[in-house]
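Colleague: With the input below, show me the fold.
(one chain, ligands or ions: 1)
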Amino acid sequence: MFIDFTNLSPRDAYNWMADTITPRPIAWVSTISAEGKHNLAPFSFFNGITGSPPTLMFSAVANRGGIKKDTVRNIEETKEFVVNLVPYALTEQMNACAALLPHGESEFDAFGIASSAATRVKPFLVAEAPVAFECTLHAVVSVGEGGGAASVVFGTIVAAHVKDAILGADGRVDPALLDTVGRLGGENYVSTRDRFVLKRPDRK
Ligand SMILES: Cc1cc2nc3c(=O)[nH]c(=O)nc-3n(C[C@H](O)[C@H](O)[C@H](O)COP(=O)(O)O)c2cc1C
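Modeller: Coordinates of the predicted model:
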């Protein structure tokens, strides 16, 4: 099958990408508005960028009316956010946060998600997240226009909270204890419970 992306509707293009670019990690992004209202939402167009300086990104697409998501509006207002990783145990709560709530209504309160204070930024941490990255805004890059247009948010990681319970005896993260989930196409997800080790080729 050959797909000519230059003649594809935005919806079909998005679906082909979401169905094939898998598995995707999930950034559960916590933000705060200029008025101090908290917000929490998942984004799977997400990844790390570089350690120099420590940087991550996620992409939020505008709704059909071209209205930016609350997450982006808040980050543009306050220049800060927290990316929480999603453990298997919190999958339901993460998914609930994709619901459309009125601007200013907190998903932490609406879905009973425990929060705790960050150290360098104002948005909350998800208290039970195994890892949470405190970020300051590096840049928002716009791609496209109107409905479906993306705001690609780049953040500088200024601090991370890593639960001691996910560390192995060597002090590094044990993937079995981290136990995160990822996104496949549609309503499908994957867990990291099925893993294997692949030795890296020798480097000269
Ligand atoms: C697992 C998962 C991954 C998602 N990934 C994205 C994404 O990468 N980009 C996006 O724009 N929306 C994504 N969404 C939808 C947003 O979470 C949803 O639009 C949410 O209501 C946005 O919240 P906000 O308006 O409070 O920012 C995803 C939803 C789920 C459940």
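
Colleague: Every contact and neighbour count from this point should use C-alpha atoms.
Modeller: OK.

Colleague: measure residue 3 to residue 17 for me?
Modeller: 12 Å (CA to CA, to the nearest Å).

Colleague: More neighbours: the two, which one.
Modeller: residue 17 (12 against 9; other CA atoms under 10 Å).

Colleague: next structured bit after whichever strand or helix holds that one?
Modeller: Per DSSP states H and E, residue 17 falls inside helix 10-20. Counting by DSSP H and E, the next helix or strand C-terminal to helix 10-20 is strand 24-25.

Colleague: Report the beta-bridge partner residues of the residue most central in space within the chain.
Modeller: Ranked by distance to the mean C-alpha position of the chain (CA atoms, centre = their mean), the top residue is residue 27 at 1.5 Å. Counting by DSSP bridges, residue 27 is bridged to residue 43.

Colleague: OK, contacts around it?
Modeller: Shown in contact with residue 27 (CA atoms under 8 Å, 6 or more residues apart in numbering): 42-44, 46, 58, 83-86.

Colleague: how far away is it from the ligand?
Modeller: Distance, residue 27 to the ligand, using CA to the nearest ligand atom, to the nearest Å: 8 Å.

Colleague: Give me the pLDDT value at that residue.
Modeller: In this prediction, residue 27 carries a pLDDT score of 98.

Colleague: Tell me where this structure has helices.
Modeller: 10-20, 70-78, 91-96, 107-110, 175-178 (DSSP state H).

Colleague: of the ones you listed, which approaches residue 149 most closely?
Modeller: When those are compared by CA to CA, helix 10-20 sits nearest residue 149, at 9.6 Å.

Colleague: then that closest one to PDB, C-alphas only?
Modeller: Written as PDB, here are the backbone C-alpha positions of helix 10-20 (Å, rounded to 0.1, in the frame of the first residue of the first chain):
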ATOM      1  CA  PRO A  10      -5.400  16.200   7.900                       C
ATOM      2  CA  ARG A  11      -7.500  13.700   9.900                       C
ATOM      3  CA  ASP A  12      -6.300  10.700   7.800                       C
ATOM      4  CA  ALA A  13      -2.700  11.900   8.000                       C
ATOM      5  CA  TYR A  14      -3.000  12.200  11.700                       C
ATOM      6  CA  ASN A  15      -4.500   8.700  12.000                       C
ATOM      7  CA  TRP A  16      -1.900   7.100   9.800                       C
ATOM      8  CA  MET A  17       0.800   8.700  11.900                       C
ATOM      9  CA  ALA A  18      -0.800   7.800  15.300                       C
ATOM     10  CA  ASP A  19      -1.400   4.200  14.200                       C
ATOM     11  CA  THR A  20       2.200   3.700  12.900                       C
END
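
Colleague: Is any residue of that helix near the ligand?
Modeller: No - Helix 10-20 stays clear of the ligand (CA under 6 Å from any ligand atom), getting no nearer than 8.9 Å.
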